[in-house]
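**Student:** Predicted model, plus sequence, below.
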Amino acid sequence: MKTITDFGRTEIIRLRGVQKTFRTPDGEPLKIIDGVDLSLYEGEILVMLGRSGSGKSTLLRIMAGLIEASAGEVSYRERPVTGPVPGMAMVFQSFALFPWLTVLENVELGLEARGAPRDERQRRALAAIDLIGLDGFESAYPRELSGGMRQRVGFARALVIDPDVLLMDEAFSALDVLTAENLRTDLLDLWEERSTSLRGLLLVSHNIEEAVLMADRIVIFASNPGRVAAEIPVRLAQPRNREAPEFRALVDQIYAIMTRRQEMPPTRRADGFAWRVPSAAINRLAGLLEAIAQRQETDEEEDVSLPELADDMQLSIDDIFPLVEALEILDLARAEERWISLTPIGQRFVDGDTQERKQIFARQLLKHVPLAAHIRHVLDERPNHRAPLDRFLSELEDHLSESEAERVLDAVINWGRYAEIFAYDDDSETLSLENPGAEHAA
């Protein structure tokens, strides 16, 4: 019997209370996903939207039966998922083609693994290749294909097994803008024409406009651990116009949800210097500050629209949110919902020359990032003003996983080197006070 919801829709995939916990190298539990309730219904395109680290890809693999949930229930058409699900196929961000096989042979692989006879494999593979627009390239090798064509092979390989559900993990993110747009349009055409066996599409993305372009429903994930923050139905007719007021309004709404204080990943921790500061390059921070200032001057408004700014600068969620978080930590900008503005200190940074910018950044870094101040204090106290990298890494690993401790320390070292509050020698993996600006010693 099919499960019919209160809304009259048939459930294909059902998740209730799903959790996933991994073990860090030191044996500590690390919760990646916490208490996720989610359903995919027949006839819909569902997009899971969120930043990297929100557990979306892990959740996709749990649905497909490739990894097990630590807790909760996962079912496919009312049957518990206990292993790989025959009715699902997946397309990954990487093309994952075998370079020694032709297009036809790559597409046949799934059928071969299922024991399909040679004639049937070839017939179905040729049909899938034709369907996805690669006819004429059956004998080509992956090296002969563009990125978009290689991803089309990935789609053909998924569709050839006649799946009920197609799972897509950032399937368009490795492609250039035009190629991704063409492939998205072709996939939507196949979906609208009902020319495949597909009854549901589920896409993981961190691109807000991509989500609004494709989805019937968008589920927004928060991070650390991954959990559902909001669910938004999309009632715009296909094909959708990016410039339409209702399209832009929905993009703005999603930005507002994803930039609310309570929905953003916790950046600071209560345990002193072990904050999960974002990774943000100095040149990109400076570029964003300059872009904000330019828009403020052009629009003659203090508050600048984050969606419009991201669009102008061609920044994805994963690009712009860490930059915004870093600017807020350093008190160079303030973000509220979908708006951002410079602080007085941020404006002085924009107006300053190279040395003035370094001095401002150094003061803000020592004032607002305890790890930077801690490193500087240790170096000041040591007679030779030197300390090994491992000394600080081991301290961070008391609070963070090994990989996260390395990332946080790397981010702070890059900021500190720009600000000239300390130096770092990568060969010896040593921090020192060699040539730091004297004005930052206080």
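**Tutor:** In hand now; what should we look at? Numbers count the residues shown, from 1 in each chain.

**Student:** For the rest of this, base every contact and every neighbour count on C-alpha atoms.
**Tutor:** Will do.

**Student:** Can you tell me what sits against the worst-scoring helix or strand of the chain on mean pLDDT?
**Tutor:** For the chain, using mean pLDDT, DSSP states H and E, the weakest element among its helices and strands is helix 306-313, scoring a mean of 81. Applying C-alpha atoms under 8 Å, 6 or more residues apart in numbering, the set of residues contacting helix 306-313 from outside is 251-252, 255, 291-292, 316, 320, 338-340.

**Student:** Now V18. Its backbone dihedrals?
**Tutor:** Recorded main-chain torsions at V18 are phi -70, psi 130, according to degrees, to the nearest 10.

**Student:** got a list of what it touches?
**Tutor:** V18 sits next to 33-37, 69-74 when contact means C-alpha under 8 Å, 6+ apart.

**Student:** May I see the buried residues of the least confident helix or strand of the chain?
**Tutor:** Of the residues in helix 306-313, those scored as buried under the neighbour-count criterion (16 or more other C-alpha atoms under 10 Å) are 306-310.

**Student:** Stretch 390-408 too?
**Tutor:** Buried residues in stretch 390-408, counted by 16+ other C-alpha under 10 Å: 392-393, 396-397, 399-402, 405-408.

**Student:** swap in stretch 189-198?
**Tutor:** Of the residues in stretch 189-198, those buried (16+ other C-alpha under 10 Å) are 191, 196, 198.

**Student:** List just the nearest of the residues you listed to N241.
**Tutor:** W191 (18.1 Å; C-alpha to C-alpha).

**Student:** can you put the buried residues of stretch 189-198 in a markdown table and add distance to P278, pLDDT and secondary structure?
**Tutor:** Putting those into a markdown table (distance: C-alpha to C-alpha, whole Å; pLDDT from 0 to 100; DSSP: H, G, I helix; E, B strand; the rest coil) gives the following:
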| residue | distance to P278 | pLDDT | secondary structure |
| --- | --- | --- | --- |
| W191 | 38 | 89 | helix |
| T196 | 42 | 82 | coil |
| L198 | 39 | 87 | coil |
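
**Student:** Can you add distance to M90 and give the residues you listed back as TSV?
**Tutor:** Rendered in TSV, the data for these read as follows (distance: C-alpha to C-alpha, whole Å):
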residue	distance to M90
W191	16
T196	15
L198	12
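
**Student:** Out of these, the closest to F247 would be?
**Tutor:** Proximity of those to F247, judged by C-alpha to C-alpha, is greatest for W191, which lies at 20.7 Å.

**Student:** returning to that earlier point: and of the buried residues of stretch 189-198, the nearest to R334?
**Tutor:** Distances from R334 to the buried residues of stretch 189-198, taken as C-alpha to C-alpha, are shortest for W191 (42.0 Å).

**Student:** Let me see the contact set for the closest one.
**Tutor:** L198.

**Student:** could you redo the last one with a cut-off of 10 Å?
**Tutor:** Residues touching W191, when contacts are defined by C-alpha atoms under 10 Å, 6 or more residues apart in numbering, comprise 43-45, 185, 197-201.

**Student:** likewise G110?
**Tutor:** By C-alpha under 10 Å, 6+ apart, the contact list for G110 reads 89, 116, 121, 125, 157-161.

**Student:** ok but it is inside a strand, no?
**Tutor:** No: with DSSP: H, G, I helix; E, B strand; the rest coil as the criterion, G110 is assigned helix and is not in a strand.

**Student:** now it: how far from I33?
**Tutor:** 30 Å (C-alpha to C-alpha, to the nearest Å).

**Student:** And E356, by the same measure?
**Tutor:** Applying C-alpha to C-alpha to E356 and I33 gives a distance of 44 Å.

**Student:** Just confirm I345 is within a helix.
**Tutor:** Yes: the assignment for I345 is a helix, going by three-state DSSP.

**Student:** Pretty sure it sits against I360.
**Tutor:** Yes: counting by C-alpha atoms under 10 Å, I360 is a contact partner of I345 at 7.7 Å.

**Student:** who's more crowded, those two?
**Tutor:** In this comparison of I345 against I360, neighbours counted by other C-alpha atoms under 10 Å, the higher total goes to I360 at 19 against 16.
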